[in-house]
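>>> Take a look and give me a structure for this.
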Amino acid sequence: SNNQQHGELQMPTPTSAEIAARLDRLPSSRTVWTMVVLLSLGGFFEFYDLFFTGYVAPAEFSTYVARRANHEVMVRGTFANIRIRNEMVAGSDGGLTRHMPDGAIVTVFDAAVRYRAAGVSLVVIAGANYGCGSSRDWAAKGTALLGISAVLAESFERIHRSNLVGMGVIPLEFPPGVSRRSLGLDGTETIDLLGLADGLRPGMEVTARFVRPDGAARTVPMLCRIDTAREADWVRHGGILPYVFRDMISVAPVPVPAGA
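This is a model prediction of the structure:
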């Protein structure tokens with residue numbers, strides 16, 4: 001493929017076991033869900049830019065708008081805006097992050113591929129009104145395709161919150177007056193989510209435990225911005241499409257009369 005010819009990493013196709021696990025992403029046996037930070041961002045998030053990697057030759061690329069149906073291109077464009085500032089990579093703009101624990105600076109997509117191969121769940125830490133900007137549909141789709149399971153923010157733009165939930169990503173809000181900055185988070189922490197063993201409920205409290213590399217830890221009560229019981233079902237199934245698919249296959253087939 002062109003992807004291999006250019007020496008780029010390819011997001012592996014999920015196995016049937018991974019898909020089955022994704023359909024039950026919050027099993028009752030999971031008392032602690034440990035995640036690694038993929039990005040630490042401010043609030044405003046625009047999606048489109050001129051950054052390009054993927055299957056399409058640069059001369060044929062045009063814009064992300066023209067390639068919306070190609071998920072291999074779009075997942076590489078997520079968090080790739082040339083103006084985006086990931087606080088984990090100080091002094092750099094664009095779609096870069098720091099892979100942990102080695103600290104290597106790589107593209108967001110490359111880091112996501114490496115974490116997925118290692119079976120690591122990912123989280124994004126952000127500021128207020130997270131999700132403002134254009135193309136909020138692919139901003140949520142790309143987030144899920146990168147393997148991000150939750151976004152911890154001071155607040156969420158209304159439509160983007162709904163889109164994240166529809167893709168099976170959990171939106172969690174810091175308490176008033178608490179933020180990534182007041183907690184001194186720099187993205188090197190691992191984050192344990194506690195309180196999910198009994199399942200998701202609208203507006204429930206989820207405890208986030210931030211553990212620094214030196215072992216120091218701090219816990220913060222987060223507001224789960226899953227606002228309805230139906231949304232909780234969507235997230236438990238990994239998003240709207242898996243929810244609908246599972247609902248369809250759970251219905252007994254209607255017998256077809258002989259000769260029909």
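
>>> looking at the sheet around the residue lying closest to P221 once chain neighbours are set aside, what are its partners?
Nearest residue to P221 in three dimensions, chain neighbours excluded: E205, at 5.1 Å (C-beta to C-beta, 6 or more residues apart in numbering). For glycine as for every other residue, the C-beta is placed from the backbone atoms N, C-alpha and C. Taking DSSP bridges as the rule, E205 bridges to L223.

>>> Next up, the contacts around N86.
If a contact means C-beta atoms under 8 Å, 6 or more residues apart in numbering, then N86 has 39-41, 79, 92, 95-97, 108, 187 as its contacts.

>>> now, which of those lie within helices?
Among these, DSSP state H puts V108 in helices.

>>> Farthest pair within the contacts of N86?
Greatest spatial distance in those: G95 and G187, 14.9 Å, computed using C-beta to C-beta.

>>> Of those two, which one has the most company?
Legend: neighbour count by other C-beta atoms under 10 Å for G95 and G187, higher for G95 (25 against 19).

>>> Would you agree the more buried one is in contact with R83?
No: G95 is beyond contact range of R83, at 10.5 Å (criterion: C-beta atoms under 8 Å).

>>> on that earlier part again, how close does the residue nearest to P221 sit to L193?
Noted for E205: a distance of 11 Å to L193, by C-beta to C-beta, to the nearest Å.

>>> re earlier: just the buried subset of the contacts of N86, written out for ChimeraX, thanks.
Here is the ChimeraX command that selects the buried residues among the contacts of N86 (16 or more other C-beta atoms under 10 Å):
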select :39,40,41,79,95,96,97,108,187
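
>>> what does the model give the residue nearest the centre of the chain for pLDDT?
Nearest to the mean C-alpha position of the chain, by C-alpha atoms, centre = their mean, lies I148 at 2.4 Å. In this prediction, I148 carries a pLDDT score of 93.

>>> Now do the same contact list for it.
Here I148 is in contact with 38, 112, 122-124, 169 (C-beta under 8 Å, 6+ apart).

>>> ditto for V165
171, 225-226, 231, 234-235.

>>> how many other residues sit next to the residue nearest to P221?
A total of 12 residues lie near E205 under the criterion other C-beta under 10 Å.

>>> ok, it to G195 distance?
E205 sits 7 Å away from G195, taking C-beta to C-beta as the criterion.

>>> again, but for P202
Shown here: P202 relative to G195, a distance of 14 Å by C-beta to C-beta.

>>> Mind checking which of the two has more residues around it?
The residue with more neighbours, out of P202 and G195, is G195; 17 against 13, by other C-beta under 10 Å.

>>> If we ignore the residues flanking it in sequence, what's nearest K141?
Using C-beta to C-beta, 6+ apart, the nearest residue to K141 is M167, at 6.0 Å.

>>> May I ask you to confirm that that neighbour is in contact with G142?
No: under the criterion of C-beta under 8 Å, M167 is not in contact with G142, lying 9.2 Å apart.

>>> mind showing which ranges of the protein have poor pLDDT?
Under the criterion pLDDT under 70, the flagged ranges of the chain are 1-31, 43-58, 61-65, 133-136, 251-256, 258-260.
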